[in-house]
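Next come a sequence and a model predicted from it.
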Amino acid sequence: MPGADTAEGRQTAAPAIELRGISKAFGPVQANRDISLKVMPGTIHGIVGENGAGKSTLMSILYGFYKADAGEIFVGGQKTLIPDSQAAIKAGIGMVFQHFKLVQNFTVLENVILGVEEGARLKASLAKARGSLKRLAEEYELNVDPDAKIEDLSVGHQQRVEILKALYRQADILILDEPTGVLTPAEADHLFRILDNLKAEGKTIVLITHKLREIMAVTDTVSVMRRGEMTATLETATTSPEELAELMVGRKVLLRVDKKPAQPGQTVLEVEDLHVTDEDGVARLKGVSFHVRAGEILGIAGVAGNGQSHLLEVLGGVREATGRIRVNGQDIDLTGKHSDGRSRRARGIAHVPEDRQRQGLVMAFKAWENMILGYHHDPAYQKNRFLMDNAAIRTESAASMQRFDVRPPNPNLAARNFSGGNQQKIVLAREIERSPDLLLVGQPTRGVDIGAIEFIHQSILDLRDAGKAILLVSVELEEILSMSDRIAVIFDGLIMGERLPDETDEKELGLLMAGITDTEAPPDFETIEAALDAAAGPGDAPHG
Ligand SMILES: Nc1ncnc2c1ncn2[C@@H]1O[C@H](COP(=O)(O)OP(=O)(O)OP(=O)(O)O)[C@@H](O)[C@H]1O
């Protein structure tokens with residue numbers, strides 16, 4: 001695209017993508033309303049908006065997953081019909097989804113050519129793809145071993161394969177939906193370098209993210225969506241995170257946590273010498289001990305895949321372990337029939353799992369059914385010996401959804417029809433509203449918009465201030481630092497150390513997260529990023 005990389009060139013070239021008057025409804029929900037947007041070639045364009053604002057729907061229309069009810073799409077100035085993803089690929093559009101669509105037991109190379117060439121031409125195309133992959137890897141810093149199986153790759157590397165797949169299909173326009181949600185900070189930095197390289201080659205990138213610092217760091221322009229409409233498009237250089245937050249939510253948002261000092265009481269949770277070996281015989285926890293008191297938040301920091309998920313699962317009763325756990329001074333069973341979620345709930349433990357779709361919700365169930373999932377044996381919900389009081393449960397669920405600002409606050413909608421952030425709010429509402437003695441909470445704000453993050457953080461703090469104990473697991477260091485009263489760092493199944501948030505910083509925590517306990521000595525790695533990459537280890541892919 002000659003001249004496209006200059007401001008002047010951008011003015012004169014046809015937009016890489018232009019949407020005119022796109023609308024889409026799902027039954028009564030108007031997910032997109034009369035949306036128009038221009039994205040110029042050779043730019044990175046961000047799209048922000050609250051959960052359920054309609055971002056994924058709009059991109060799914062552009063990629064041929066959904067058919068718009070009205071509107072037109074122009075690619076490179078040409079009106080283009082995109083009835084399916086094949087048509088999108090033909091038009092030079094590639095998409096990297098939040099949940100990757102790779103075949104786990106195929107190699108990188110096989111995944112890249114899958115669907116492009118088949119049968120007798122497969123062998124020739126494997127050789128051709130190997131060459132292309134090598135070139136792409138060199139050109140864009142997209143290194144991955146072409147013969148590695150997907151299941152053996154870290155999440156960051158799997159994402160690179162998705163990008164390679166799109167580039168192999170000659171995508172000029174790349175859409176990334178929440179690409180950093182499951183990445184380590186080092187992997188996210190690497191991704192942004194890749195995006196910059198792609199842009200330098202004239203590719204056009206559309207980036208959906210909830211992280212405003214990412215918008216500020218990498219985009220040229222940014223659009224804000226609100227309640228199905230495109231409400232603003234701005235040059236990134238002329239805006240600020242505060243302005244974007246306000247445009248998204250329609251009010252001022254506190255971009256940091258405002259909390260009172262903790263008033264810790266008696267010890268609620270004691271964990272001693274916990275060991276876990278997974279299904280493949282790999283030791284995931286190697287003797288973990290810590291405690292959490294009433295009225296405090298213990299944050300567990302760590303690169304995903306270092307045992308924190310297994311820890312939450314053991315505490316939540318979804319996985320067996322050896323060692324000792326006491327809650328309010330009483331031992332809880334770590335194996336056998338009393339080591340399940342129901343027994344844990346009976347002991348005052350609530351669990352917001354890291355994977356809301358697989359562990360937190362039954363996607364086909366309605367919201368009200370999900371709102372009592374696990375608590376349905378509670379006598380309060382029984383109408384008589386045989387029947388539950390569904391009408392009362394629906395009414396209570398609707399009120400709880402209102403309090404947690406779940407949108408839409410419709411208890412009869414199936415969980416799968418809520419946006420990701422709203423699904424998260426349903427799980428949080430269910431667990432927090434029962435005021436448990438101990439709340440286990442994993443990645444509470446993954447994929448959640450900033451308005452909702454503020455609300456979720458406040459709800460967790462309110463529970464703390466009501467004298468409850470909270471164990472917070474998060475891969476977001478910022479969240480750990482701002483929410484925790486104490487921080488324990490986990491690496492390779494061991495607690496590497498404990499710190500007070502006021503007496504530490506991201507650098508020291510980063511070193512501990514990479515397994516380096518002597519934080520004064522010069523590390524073996526040149527940068528913290530390299531050390532964290534090593535901690536993520538390609539053989540230990542956390543599944544996001
Ligand atoms: N298949 C569907 N059936 C019914 N409603 C849907 C469907 N997909 C999306 N919706 C609704 O459309 C609206 C827009 O959803 P969309 O997923 O596009 O939002 P989003 O901005 O991407 O949100 P998030 O940031 O949470 O991913 C939401 O109200 C959602 O509940």
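The structure has been received and is ready for your questions. Numbers count the residues shown, from 1 in each chain.

Next to the ligand, which bits of the protein? Give me the list.
Counting by Cβ under 6 Å from any ligand atom, the residues of the chain close to the ligand are 26, 29, 31, 49, 51-57, 417-421. (C-beta placed from N, C-alpha, C; glycine too.)

Filter those down to the ones in strands?
Taking DSSP state E as the definition of strands, those contribute F26, V29, A31, G49.

Of those, which is the most crowded?
Each of these was scored for neighbours by other Cβ atoms under 10 Å, and G49 scores highest at 26 neighbours.

Name the nearest residue to that residue, sequence neighbours excluded.
Excluding the flanking residues, the one nearest G49 by Cβ to Cβ, 6 or more residues apart in numbering is M225, at 3.4 Å.

Surely that neighbour touches V48?
Yes. Here M225 reaches V48: they are 7.3 Å apart, a contact under Cβ atoms under 8 Å.

Touching both of these two, which residues are there?
Overlap of the contact sets of M225 and V48 (by Cβ atoms under 8 Å, 6 or more residues apart in numbering) consists of K55.

rewinding a little: now do the same contact list for the residue nearest to G49.
Taking Cβ under 8 Å, 6+ apart, we find M225 in contact with I35, I47, V48, G49, A53, G54, K55, L58, T231.

so it sits in a strand?
Yes. Assessed with DSSP: H, G, I helix; E, B strand; the rest coil, M225 lies in a strand.

per-residue confidence at it?
pLDDT recorded at M225 is 96.

Break down the stretch 201-350 of the chain into its helices, ranges please.
212-218, 241-249, 308-316, 341-346 (DSSP state H, counting those that start in this stretch).

Dihedrals phi and psi, S60?
Here is the backbone geometry of S60 (degrees, to the nearest 10): phi -70, psi -30.

That one contacts A68, correct?
No. The pair S60 and A68 fails to qualify as a contact (Cβ under 8 Å) at a distance of 9.8 Å.

Now do the same contact list for the closest residue to R326 other than its chain neighbours.
Using Cβ to Cβ, 6+ apart and skipping the chain neighbours, the partner closest in space to R326 is E270 (4.4 Å). By Cβ under 8 Å, 6+ apart, E270 lies in contact with H291, R324, I325, R326, V327.

Next one: E270 relative to G329, how far apart?
The spacing between E270 and G329, counted by Cβ to Cβ, to the nearest Å, is 8 Å.

Go ahead and build a PyMOL selection from the buried members of the contacts of M225.
To isolate the buried subset of the contacts of M225 in PyMOL, counting by 16 or more other Cβ atoms under 10 Å, use the following:
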select buried, resi 35+47+48+49+53+54+55+58
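
Quick check, E369 in contact with V362.
Yes. At 7.3 Å, E369 counts as touching V362 under the criterion of Cβ under 8 Å.

These two: which is more packed in?
E369 (21 against 13).

what's the closest non-adjacent residue to the residue of the stretch 301-450 of the chain found nearest the ligand?
For the stretch 301-450 of the chain and the ligand, the shortest gap (Cβ to the nearest ligand atom) falls at S419, measuring 3.1 Å. The spatially closest residue to S419, leaving aside those adjacent along the chain, is G52, at 3.9 Å (Cβ to Cβ, 6+ apart).

So what's the predicted local confidence for the one you found?
Note on G52: pLDDT of 86.

Could you dump the contacts of E270 into a markdown table and include neighbour count and pLDDT?
As requested, those are arranged in a markdown table below (neighbours: other Cβ atoms under 10 Å; pLDDT from 0 to 100):
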| residue | neighbour count | pLDDT |
| --- | --- | --- |
| H291 | 15 | 97 |
| R324 | 14 | 97 |
| I325 | 20 | 97 |
| R326 | 15 | 97 |
| V327 | 21 | 97 |
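
if you go through the stretch 1-150 of the chain in chain order, where are the strands?
Using DSSP state E, counting those that start in this stretch, the strands of the stretch 1-150 of the chain run over residues 17-26, 29-39, 44-49, 70-75, 78-79, 93-96.
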